[in-house]
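Colleague: when you get a sec, could you give me coordinates for this:
(chains A and B)
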Amino acid sequence: MLKGVPILPRGGGTPHSLKLMKESPEKYRNYMFLVPGMFFLLLFTYLPIMWSTWLSFNRWNLLSPQPKWCGVENFLKLWNHDVFWLVMKNSFFFVTVSIFPTMFLALVFAILIDERVKGRVYYIYSLFYPTLIPMAAAAMLWVYIYSPNLGVLNIVLSKFGLPKLGWLGSSQTSIWALIIMTFWKNLGFFMLIYLAGLQNVNRELYEAAYIDGAGWWRRHLAITFPLVGPTSLFVLIVAIILTFRVFDQIHLMTEGGPGNSSNVIVYYIYENGFKFFDWGIASALTTILVVILLFLTLLIFGLFGKRITYTAD
Amino acid sequence: MADVIFNHVNKRFGDFLAVKDFNYHIEDKTFVVLVGPSGCGKSTTLRMLAGLEKVSEGTIEIGGRVVNQVHPKDRDIAMVFQNYALYPHMTVYKNMAFGLQLRRFKSPEIDRRVREAAEILEISDLLSRKPRELSGGQRQRVAVGRAIVRKPAVFLFDEPLSNLDAKLRVQMRGEVLKLHHRLQTTIIYVTHDQIEAMTMGSKIVIMNKGMIMQAGKPIDVYDRPDNMFVAGFIGSPAMNFLEATLVRNNGALWIEGGGFRLPVPPSKVDHYAPHHGKKCYFGIRPEHLYDVDFIKEYEPHSVIKAKVELIEPVGSFVILQILLGKATVVAQVDSHTRAALGREIQLVADMDKMHLFASEAPNPSLNTL
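Modeller: Take a look at the predicted model:
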């Protein structure tokens, strides 16, 4: 074959190589726009994931200051460690118990606000305000609320003749206390996303259903819930990721205690990495977290992605 | 029987009076079109009838029953919305069945009604599709289908064809009319399109600024508009209005204005004589101005001469814009006209079709004064 002579496809037409040459300047220019974003994504997301995944197969702690390949040793250690299973149980419990009430109430509040209830602005501000407060301040506030003797919550409980609880100090209640606080912190954020999602639902649909005889509940069951599907999918995935990543409030309010009763995966990563200085184990935990999040995201998209009705269709 | 009676109905939004003293009786089985420009209150009136807006003052009766406090579902009405309002996540079948399910109809009855309506509207093959898989015209049919399965006493249409292209709109216009003929129910239809109003309504109600300006048969409204608003709104191209004065000369009555002097025809002299000396608006429709070349006999005094400013050939006729004095006048003349841009043309005004309106607002017709 002669070098430099493009092979002409059978039946004529423009050879592929010539087509590429024709299109390439614009094509490459378009790709160039992605370079800065891709560079930082690669540097701060993909490379750390790859680095951490590689580290999770290495022994790297105070006794072994240089990373040393050890296969799946770190994962086996975790597998055989009771605390790991407690942490996993706590993490899934935290996610499951906090997400669905948050999503449901966020949607209900968004619907009420969208229907222009009286004091609409007040509701928006009061529900969204916790999202704006720094987590450290919010944690301190809730430490006070949960305080056994001076705390507002116990004072209220005792007014109703109920026993005072050591909210953060008891292994029975500590995770619940954190879930309630996280629910309070996230509700406004998800409510706002739902409120935006509701703007895409055509008002005439509600009027048509109203004339058809659908009551408030039926209207929302038949129209709102299915049509905010894309928003719910987004909220669900974001909520799962955010909730799996809870750290600040745990660090500030319970330090995972008492007795690891409120310890969750990210705090456990922190403990292993920065308290026990076992970076190999911390990396293995990080890899597990990434795999869980990836799996859940793909599962949710697989289950619901195609069933969702996009109102703009 | 489902007469619809509006008794002095007002609708307020805060301080703003959107519908003022709407007082009208719609007889059973008639096709009534509410027409007017945007913001005239026509949709608000329909929505009050549907129960989507509360009536501020007055009463609305459907079939002899005051419905002000009656829930929309119990008013025996069905509404077709401007944007179809089809549930995007439901199939066509479910969209049509939804209202019946809410009314707890039994499944075989729902099925029978849906299939019957689908057959009438020729959408039987679309029942398993979702709205996004339908064209605009098909969506419109489904929206109508959803209304007819209910077999209501009154159908309400809120600008249902405004999202369709021109050709499809003409086609759907005919289909809605055929449907009315077939169903024999009262239809109240809102539109801003006066051609739709003229072609569809057995009665039309022209509204402006929340008030009824005139109501009646389309041809009556066209021939005898009560005021300048109606005269200008109904008819396309719109009627020409020229400032003028009624003058008497040698026993005859003349209309004089900038660049023209036209005789009042003998049939109308008695009518307008009491107004001589008054300033008024002279109204003549573009289709009542003829190119002199195409008229065999005409009254020589009814000829106006003016310069052609614009020629718009439409095919079956030509629209001319001519400069008469300082005013621009539109004429709809024969498609073979020899009118040329910048040249003078002679037009004959059919003075039997002329109108005169008082110069003071609300510019009532001098016929009705």
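Colleague: residue ranges for the strands of the stretch 201-313 of chain A, please.
Modeller: Read by DSSP state E, counting those that start in this stretch, the stretch 201-313 of chain A holds no strands at all.
Colleague: below-threshold pLDDT in it: ranges please.
Modeller: Scanning the stretch 201-313 of chain A with the threshold set as pLDDT under 70 gives A:309-313.
Colleague: near chain B, which residues of it show up?
Modeller: Residues of the stretch 201-313 of chain A lying close to chain B by C-beta under 8 Å from any C-beta of the partner chain are A:202, A:204-205, A:207-214, A:218, A:222-223, A:226-227, A:229, A:309-311, A:313. Using the backbone N, CA and C atoms, a C-beta is placed for each residue, glycine as well.
Colleague: just those: which are in helices?
Modeller: A:204-205, A:207-212, A:218, A:226-227, A:229 (DSSP state H).
Colleague: top of those by number of neighbours, please.
Modeller: Of all those, the highest neighbour tally under other C-beta atoms under 10 Å in any protein chain shown goes to residue A:208, namely 29 neighbours.
Colleague: report the secondary structure state of the residue lying closest to that residue once chain neighbours are set aside.
Modeller: Spatial nearest neighbour of residue A:208, chain neighbours left out: residue B:85 (4.0 Å); criterion: C-beta to C-beta, 6 or more residues apart in numbering or on different chains. Here residue B:85 is coil, with the state taken from DSSP: H, G, I helix; E, B strand; the rest coil.
Colleague: how about residue B:85, what does it touch?
Modeller: By C-beta atoms under 8 Å, 6 or more residues apart in numbering or on different chains, the residues touching residue B:85 are A:202, A:204-205, A:207-208, B:143.
Colleague: residue B:35 too?
Modeller: By C-beta under 8 Å, 6+ apart, the contact list for residue B:35 reads B:42, B:190-194, B:196-197, B:201, B:204-207, B:233.
Colleague: now swap in residue B:327 and tell me
Modeller: Applying C-beta under 8 Å, 6+ apart to residue B:327 gives the contacts B:240, B:242-243, B:257-259.
Colleague: out of those, who has the most neighbours?
Modeller: residue B:240 leads those on contacts (other C-beta under 10 Å) with 23 neighbours.
Colleague: from chain A, how far off is the closest residue in space to that one that isn't next to it in sequence?
Modeller: Once flanking residues are discounted, residue B:240 sits nearest to residue B:329: 4.8 Å by C-beta to C-beta, 6+ apart. In this view, residue B:329 and chain A are 42 Å apart by C-beta to the nearest C-beta, to the nearest Å.
Colleague: in three-state terms, label residue B:329 for me.
Modeller: With three-state DSSP as the criterion, residue B:329 reads strand.
Colleague: of all pairs in the ones in helices among the residues of the stretch 201-313 of chain A next to chain B, which one is the farthest apart?
Modeller: With C-beta to C-beta as the measure, no two of these lie farther apart than A:211 and A:229, at 24.2 Å.
Colleague: so what pLDDT did residue B:367 get?
Modeller: On the pLDDT scale, residue B:367 is placed at 75.
Colleague: my guess is it is in a helix, correct?
Modeller: No: applying three-state DSSP, one finds residue B:367 to be coil, outside a helix.
Colleague: can you pull the contacts of the residue nearest the centre of chain A?
Modeller: Geometric centre of chain A, nearest residue: residue A:241, 2.0 Å, by C-alpha atoms, centre = their mean. Counting by C-beta under 8 Å, 6+ apart, residue A:241 touches A:293, A:297.
Colleague: same thing but 6 Å
Modeller: Neighbouring residues of residue A:241 by C-beta atoms under 6 Å, 6 or more residues apart in numbering or on different chains: residue A:293.
Colleague: what of residue A:277?
Modeller: By C-beta under 6 Å, 6+ apart, residue A:277 lies in contact with A:61-62.
Colleague: any chance of the backbone angles for residue B:254?
Modeller: Torsion angles at residue B:254 (phi, psi; degrees, to the nearest 10) stand at phi -120, psi 150.
Colleague: what pLDDT does it get?
Modeller: As predicted, residue B:254 sits at a pLDDT of 93.
Colleague: number of nearby residues for the nearest residue to it once chain neighbours are set aside?
Modeller: Spatially, and ignoring its direct neighbours in sequence, residue B:254 is nearest to residue B:247 (5.0 Å; C-beta to C-beta, 6+ apart). Neighbour count of residue B:247, defined by other C-beta under 10 Å: 15.
Colleague: using the three-state scheme, assign the closest residue to chain A within the stretch 101-250 of chain B.
Modeller: Nearest residue of the stretch 101-250 of chain B to chain A (C-beta to the nearest C-beta) works out as residue B:132 at 3.6 Å. At residue B:132 the chain is in helix, as set by three-state DSSP.
Colleague: please consider this matter closed, and thank you.
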